[in-house]
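K.L.:
quick one, fold the following:
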Amino acid sequence: MGSEDTFEEVESGTDAKMAESLIKNLVILENINKEPITIIMNNIGGDVYHGIAIYDAIKACESRVTIKVFGSAQSMGL
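P.N.:
Down below sits the predicted model:
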């Protein structure tokens, strides 16, 4: 879970594109099987509304979801 702005080559944090991608992938993984899901995160924060959408999607998963952080996992409230 991370996001980059390809024009500026810097991380932009949690945004609509990243949230949409992560939520779609969670749904796909859940439909394939009910095995545990691991999310690898390096995130500088970002938009709180999209962060809450990601949180809600994770909580709605019937599969066990583990989040591993490499780098940082900062607040979404930027």
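K.L.:
in this structure, what spans have low per-residue confidence?
P.N.:
Judged against pLDDT under 70, the low-scoring parts of the chain cover residues 1-12, 77-78.
K.L.:
counting contacts, what elements does the top strand by length along the chain pack onto?
P.N.:
Secondary structure assigned by DSSP state E gives strand 65-73 as the longest strand of the chain. The contact analysis (3 or more C-beta pairs under 8 Å, 6 or more residues apart in numbering; DSSP states H and E) places strand 65-73 against strand 37-43. (C-beta placed from N, C-alpha, C; glycine too.)
K.L.:
what angle separates the strand it packs on from strand 65-73?
P.N.:
Per axes from the mean of the first three to the mean of the last three C-alpha atoms, to 10 degrees, the angle that strand 37-43 makes with strand 65-73 is 10 degrees.
K.L.:
run through who's touching strand 37-43.
P.N.:
Residues outside strand 37-43 that contact it (C-beta atoms under 8 Å, 6 or more residues apart in numbering) are 1-3, 11, 13-14, 22, 26, 29-30, 58, 61, 63-74.
K.L.:
give the buried residues for that strand.
P.N.:
Applying a neighbour-count criterion of 16 or more other C-beta atoms under 10 Å, one finds 37, 43 buried in strand 37-43.
K.L.:
go on, stretch 51-68?
P.N.:
Across stretch 51-68, burial judged by 16+ other C-beta under 10 Å covers 51, 53-54, 57-58, 65.
K.L.:
ok, the nearest residue to A57 once chain neighbours are set aside to G51 distance?
P.N.:
On the basis of C-beta to C-beta, 6 or more residues apart in numbering, the spatially nearest residue to A57 that is not a chain neighbour turns out to be I23, at 4.5 Å. Counting by C-beta to C-beta, to the nearest Å, the separation of I23 from G51 is 12 Å.
K.L.:
sorry, back to before: name the element the residue nearest to A57 belongs to?
P.N.:
Under the criterion of DSSP states H and E, I23 resides in helix 16-32.
K.L.:
much appreciated, bye for now.
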